[in-house]
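Trainee: Pasting the sequence and the predicted model now:
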Amino acid sequence: MSHSKDWREQRYIKVRELSEKFGVAKSTIYKWMNEKNFPKPVVFGEAKKNATVRWLESEIEEWLESRPRGKDD
């Protein structure tokens with residue numbers, strides 16, 4: 001996945017926003033990620049229980065564009 005934008009121009013998305021956007025539970029987002037079917041998040045701070053986790057909007061958009069659109073694709 002590319003990181004073509006400067007980090008100051010990036011939009012970071014919370015798991016709650018992704019859950020609402022895709023109409024799935026937050027646990028589903030993490031399941032997709034663990035199955036390597038979804039972009040990895042950026043972890044701010046120590047990768048422990050209280051770390052802040054966000055996804056780059058640009059990587060989510062790339063992921064969406066790579067998804068099959070239907071039976072005819």
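Mentor: Sure, I can see it.

Trainee: name the element the most centrally placed residue in the chain belongs to?
Mentor: What sits nearest the mean C-alpha location of the chain, by Cα atoms, centre = their mean, is Trp55, with 4.3 Å. In the assignment (DSSP states H and E), Trp55 maps to strand 52-56.

Trainee: and the next helix or strand after that strand with strand 52-56, angle?
Mentor: Next in sequence after strand 52-56, counting helices and strands by DSSP H and E, comes helix 57-66. On the basis of axes from the mean of the first three to the mean of the last three Cα atoms, to 10 degrees, helix 57-66 is oriented at 50 degrees to strand 52-56.

Trainee: So for the residue nearest to the centre of the chain, what pLDDT did the model give?
Mentor: We have a pLDDT of 96 for Trp55.

Trainee: One more: Val24?
Mentor: If you check Val24, the pLDDT there is 97.

Trainee: does it sit in a helix, a strand or a coil?
Mentor: The assignment at Val24 comes out as coil when based on DSSP: H, G, I helix; E, B strand; the rest coil.

Trainee: give me every residue that touches it.
Mentor: By Cβ atoms under 8 Å, 6 or more residues apart in numbering, Val24 lies in contact with nothing. (C-beta placed from N, C-alpha, C; glycine too.)

Trainee: run the last query once more with 10 Å
Mentor: Contacts here follow Cβ atoms under 10 Å, 6 or more residues apart in numbering; on that basis Val24 touches Leu18, Lys31, Trp32.
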